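Chemist: Fold the following for me, if possible:
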Amino acid sequence: MDVYINSLHGKNIMTDHAIVMENVSKSFRTGFWYKKVEAVRGISLTVEKGEIFGFLGPNGAGKTTTIKMLMGLISPSGGSIKIMGKPHTETNVKKDIGYAPEQPSFYDHLSGEEMLKYCGALMGMGYSARKKRAAELFGIVGLKNCEKLSLRKYSKGMQQRMGIAQALVSDPAILILDEPMSGLDPAGRREIRDLIMQFKKQGKTVFFSTHILSDVEMICDRVAIVVKGSIARVGRIEEFTELDSNETEVCISGLNQDSFEKLGTSACGAMMKGTLAYFTTMSRNAAVELVRAAEGRGGCLVSFNPKRRSLEDIYLSETQK
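Modeler: Numbers count the residues shown, from 1 in each chain. Predicted coordinates for the structure are as follows:
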């Protein structure tokens, strides 16, 4: 737990918050008529230390604008942002944050090693320290034996890893990642997911935006859904994927076509996949009765699952309101 001095009150304050945003807004003037556009509208959000926080929303919802404000790349039109209990504009706060943009852009004539050493120099690290750190980071992000390779020869997945590597140069407590899985194949996404989980084990806080809901469901502790610049919903993953009333899915093996069709009349949904029959009922009692009837026809229960709402269901519900 960090302790910092409140200069106004002269007392110690304990905080477990990595990021606190209070009523943060951002508006721009655009076009010929200099029309006001509200990109972010009164976002209030708290991210705890050591958690993986997913920031979700459709294109144009204000995710990247919010991240740029967190990083101090643009200034909020209103509200306040604190990082590790301090105003995000303070220079000494920057060392606590590592940032990887959605589309990292490098001096592609440099090698990967030269790029990381350059980032270390920007952080004020000495030559031997940044050389050692660069070597460590190639191992951490899975780019060993690529140190001398020119960045212009890096694949999309390698560039994403390099983006994370440069964010880790100063070993920050907080990582802010904008679409870290963007453009990656399934194997690349899995590697980035595993990497993020390693950061959590090390006690780091990870705040990232993405459109890939399956990844969020696997690794995030909490998520927020932002729609048109406002927070529509925020909570823990298990709160989002709560049980959906008493709807139940059962899987039965060993049924012939005639038995499948007759049992299907007592269910609200039925589907045959190879030798397995899937039935959905509106109540658990109806599911139990269907299993008994199936066993009476020579069927065998394979699975009995209360249906849960997926994160995708919640996301679509909130974004389409």
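Chemist: Please enumerate the helices of the chain.
Modeler: For the chain, the helices defined by DSSP state H cover 63-71, 112-122, 127-140, 156-167, 186-201, 213-219, 237-240, 257-264, 284-296, 311-319.
Chemist: Mind putting those into TSV with mean pLDDT?
Modeler: TSV is the format used below for the helices of the chain (pLDDT from 0 to 100):
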stretch	mean pLDDT
helix 63-71	93
helix 112-122	94
helix 127-140	92
helix 156-167	90
helix 186-201	89
helix 213-219	88
helix 237-240	80
helix 257-264	91
helix 284-296	92
helix 311-319	81
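Chemist: Make TSV out of these and add mean neighbour count and distance to residue 16.
Modeler: All C-beta atoms are positioned from the backbone trio N, CA, C, and that covers glycine. Shown next, in TSV, are the helices of the chain (neighbours: other CB atoms under 10 Å; distance: least, CB to CB, whole Å):
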stretch	mean neighbour count	distance to residue 16
helix 63-71	22	18
helix 112-122	20	29
helix 127-140	16	26
helix 156-167	22	23
helix 186-201	16	15
helix 213-219	18	20
helix 237-240	16	19
helix 257-264	15	52
helix 284-296	16	40
helix 311-319	17	25
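Chemist: which stretch among those comes nearest residue 49?
Modeler: Taking CB to CB, helix 186-201 is the member of these nearest to residue 49, at 10.8 Å.
Chemist: Report all helices and strands that that closest one contacts.
Modeler: Judged by 3 or more CB pairs under 8 Å, 6 or more residues apart in numbering; DSSP states H and E, helix 186-201 is in contact with strand 52-56, helix 156-167, strand 205-209, helix 213-219.
Chemist: How far off centre is the last one?
Modeler: Using CA atoms, centre = their mean, to the nearest Å, the mean C-alpha position of helix 213-219 is found 7 Å from that of the whole chain.
Chemist: For that helix, give me every contacting residue.
Modeler: Residues outside helix 213-219 that contact it (CB atoms under 8 Å, 6 or more residues apart in numbering) are 52, 54, 56, 181, 189, 193, 196-197, 200, 210, 223, 237, 241, 310-312, 315.
Chemist: Which one, of the helices of the chain, ends up nearest to residue 32?
Modeler: helix 63-71 (22.0 Å).
Chemist: number of nearby residues for residue 86?
Modeler: For residue 86, the neighbour count with other CB atoms under 10 Å is 14.
Chemist: Not counting its neighbours along the chain, what's nearest it?
Modeler: In this structure, residue 86 finds its nearest non-sequential neighbour in residue 93, 5.2 Å apart by CB to CB, 6 or more residues apart in numbering.
Chemist: which residues sit in contact with the residue nearest the centre of the chain?
Modeler: Centrality entry for the chain: nearest residue to the mean C-alpha point is residue 54, 3.3 Å, by CA atoms, centre = their mean. Shown in contact with residue 54 (CB under 8 Å, 6+ apart): 208-210, 216, 220, 222-224.
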